[in-house]
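In: I would like the atomic coordinates for the input below:
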Amino acid sequence: MNTESTPKRTLKRASAPTTKPTTSAAAAPMRFLDTYLAALLARASSLISDEFHATLARKKIPVLQWRVLACLSDGSLPMGDLGRVILAKQPTVSKLIDRMEAAGLVVRQEDPASRRRTLVALTPHGSTLAAELVVLALEHEASVLLPFEPETAKIFVDVLRKLIEQHAK
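Out: So this is what the prediction gives:
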């Protein structure tokens, strides 16, 4: 197949940049994924998360366990909600909660509002660990946002919350 005669597909986006920034005059134009919102969000999340995950690894805390601790640091949640928030499927969440319960970090409780739902809550030991890790996470977040003016950082976080709210199902 002759690729020279194949027309190039052009994408039009309402908020696409009018000029494509490059790092130098000789640099190649930016690729699609360098401007595509979902790819940028995923890459930024991966890079920033990997930095904090290194801290967790030094403390021998698995990432999903950290997510549960952080999620429950504000109070108990039903198992199903916990899975959605920590980005894990239900069988994985159940096994994780089993391990965390055996380690004395969480407890399962019957939901007083619905006998069909099980709540998960932190134990005092889990709360102490969660509080220590939240401090480290906030320090990491501050270092990530340091290059930005405080108002810009606030707007950025607000925009991300709005995106999540609009696309949560």
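In: when you work out contacts or count neighbours from here on, use the C-alpha atoms and nothing else.
Out: Will do.
In: name the residues of stretch 69-89 that are buried.
Out: Within stretch 69-89, the residues scored as buried using 16 or more other C-alpha atoms under 10 Å are 69-73, 76-80, 82-83, 86, 88.
In: how near is residue 96 to residue 88?
Out: With distances taken as C-alpha to C-alpha, to the nearest Å, residue 96 is found 10 Å from residue 88.
In: then residue 128?
Out: Applying C-alpha to C-alpha, the value for residue 128 to residue 88 is 24 Å.
In: sorry, back to before: need the buried residues of stretch 69-89 in JSON lines (columns: distance to residue 160, secondary structure and pLDDT).
Out: Shown next, in JSON lines, are the buried residues of stretch 69-89 (distance: C-alpha to C-alpha, whole Å; DSSP: H, G, I helix; E, B strand; the rest coil; pLDDT from 0 to 100):
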{"residue": "69", "distance to residue 160": "22", "secondary structure": "helix", "pLDDT": "98"}
{"residue": "70", "distance to residue 160": "19", "secondary structure": "helix", "pLDDT": "98"}
{"residue": "71", "distance to residue 160": "18", "secondary structure": "helix", "pLDDT": "96"}
{"residue": "72", "distance to residue 160": "21", "secondary structure": "helix", "pLDDT": "98"}
{"residue": "73", "distance to residue 160": "21", "secondary structure": "coil", "pLDDT": "97"}
{"residue": "76", "distance to residue 160": "24", "secondary structure": "coil", "pLDDT": "96"}
{"residue": "77", "distance to residue 160": "23", "secondary structure": "strand", "pLDDT": "94"}
{"residue": "78", "distance to residue 160": "24", "secondary structure": "strand", "pLDDT": "93"}
{"residue": "79", "distance to residue 160": "25", "secondary structure": "helix", "pLDDT": "90"}
{"residue": "80", "distance to residue 160": "23", "secondary structure": "helix", "pLDDT": "86"}
{"residue": "82", "distance to residue 160": "20", "secondary structure": "helix", "pLDDT": "94"}
{"residue": "83", "distance to residue 160": "20", "secondary structure": "helix", "pLDDT": "91"}
{"residue": "86", "distance to residue 160": "17", "secondary structure": "helix", "pLDDT": "95"}
{"residue": "88", "distance to residue 160": "20", "secondary structure": "coil", "pLDDT": "94"}
